[in-house]
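K.L.:
model the following, please.
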Amino acid sequence: MNKQDELLQKLESDILRGEYAIGSRFPSERQISERYGVSRITTRDAVSRLCQMGLLRKAPQSGTFVNDYLTETSIELLVRIMQSSGSMDGTALVSLLEFRRVNEVFAARRAAREITRQGVEEMEELVRRGLAAANDIQRLCDCDYEIHRAVIRHSGNLVLALLFNSFKVIYRHYTAFYYSLPSAAENTYGQYARLAAALAAHDADYAGHVMDTLLLEAENAVKDAISYNGEDRINLGTFRKTTAL
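P.N.:
Numbering: from 1, shown residues only. From the prediction side, this is the model:
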């Protein structure tokens, strides 16, 4: 990773963690260069990219300020953060997983009411493929992604489908981490079998319950990894399995 990307990640994390308060004047290029031990050119590039992402804004003849990204930006900021590098701020990742759980529980409930027999057969086939791939993390991740995409598709909600597509950038990284944990595949695909049964029975309450349970387990595994490793940023390609999990 080059110095520009390293500085970008550090500044991004510091802003999202509140080290530079929303609305505050951002340090000058000279101050940033001295604080982080980089050149002015490197600083200028990182600040420009943070402005493009919506985390900073330049005011003519006044300087650079921390943008109110909580109220003035959109899902595009999240997509930019996810696509900017191979790592992600831990707070942003946890927030994303929590947001995903709320919306996919809704999707599961909606899908249970709307799904066709063909859709149920599709879900059952994906579960069978996952159960048959218990020792193949790549295939487990493939089936996992397709299961969630199918649930959202059968819910009939276009916005959720588009949001899920945006999430794909980091989805595979954290599911690969999750399926490296002991018994994760067995437990999760057991839940997927129950989810398929709930969809077949058009039981919206049970489908929502199962989806909430399985996503909460994965979410907590990621939170535990972040807490145990004591990292502000999570390297999406190398989530570390620890004995604490």
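
K.L.:
the helix or strand hosting Leu11 packs against which elements?
P.N.:
Using DSSP states H and E, Leu11 falls within helix 3-16. With contacts taken as 3 or more C-beta pairs under 8 Å, 6 or more residues apart in numbering; DSSP states H and E, helix 3-16 sits against helix 29-36, helix 40-53, strand 87-89. In short, each C-beta sits where N, CA and C put it, glycine included.

K.L.:
for Tyr174, which of those is the nearest?
P.N.:
With C-beta to C-beta as the measure, strand 87-89 is the member of the helices and strands packed on helix 3-16 nearest Tyr174 (9.3 Å).

K.L.:
could you check the angle the helix or strand following that closest one makes with helix 3-16?
P.N.:
Later in the chain than strand 87-89, the nearest helix or strand by DSSP H and E is helix 90-114. When axes from the mean of the first three to the mean of the last three C-alpha atoms, to 10 degrees is applied, the directions of helix 90-114 and helix 3-16 differ by 70 degrees.

K.L.:
can you give me the helices in the chain?
P.N.:
Taking DSSP state H, the helices of the chain run over residues 3-16, 29-36, 40-53, 69-72, 75-83, 90-114, 117-131, 137-155, 158-178, 184-200, 204-229.

K.L.:
what helices or strands is the second one leaning on?
P.N.:
Identification of packing neighbours for helix 29-36 by 3+ C-beta pairs under 8 Å, 6+ apart yields helix 3-16, helix 40-53.

K.L.:
now with 6 Å, please.
P.N.:
In terms of contacts (3 or more C-beta pairs under 6 Å, 6 or more residues apart in numbering; DSSP states H and E), helix 29-36 is packed against helix 40-53.

K.L.:
show me the contact partners of the helix it packs on.
P.N.:
3-4, 7-8, 11, 29, 32-33, 56, 58, 80 (C-beta atoms under 6 Å, 6 or more residues apart in numbering).

K.L.:
closest to Tyr179 among those residues?
P.N.:
Closest to Tyr179, out of all of these and judged by C-beta to C-beta, is Arg80, at 27.5 Å.

K.L.:
before we move on, back to that, reformat the helices and strands packed on helix 3-16 as a markdown table; add mean pLDDT.
P.N.:
Formatted as a markdown table, these follow (pLDDT from 0 to 100):
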| stretch | mean pLDDT |
| --- | --- |
| helix 29-36 | 94 |
| helix 40-53 | 92 |
| strand 87-89 | 56 |
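
K.L.:
for Ala185, give me its contacts.
P.N.:
134, 140, 179.

K.L.:
I'd guessed Ala200 sits against Glu121; true?
P.N.:
No. In this structure, Ala200 is not within contact of Glu121 by C-beta atoms under 6 Å, at 9.1 Å.

K.L.:
more neighbours, the two?
P.N.:
Ala200 (17 against 12; other C-beta atoms under 10 Å).

K.L.:
which one is the more buried one nearest to, not counting chain neighbours?
P.N.:
Excluding the flanking residues, the one nearest Ala200 by C-beta to C-beta, 6 or more residues apart in numbering is Val120, at 4.6 Å.
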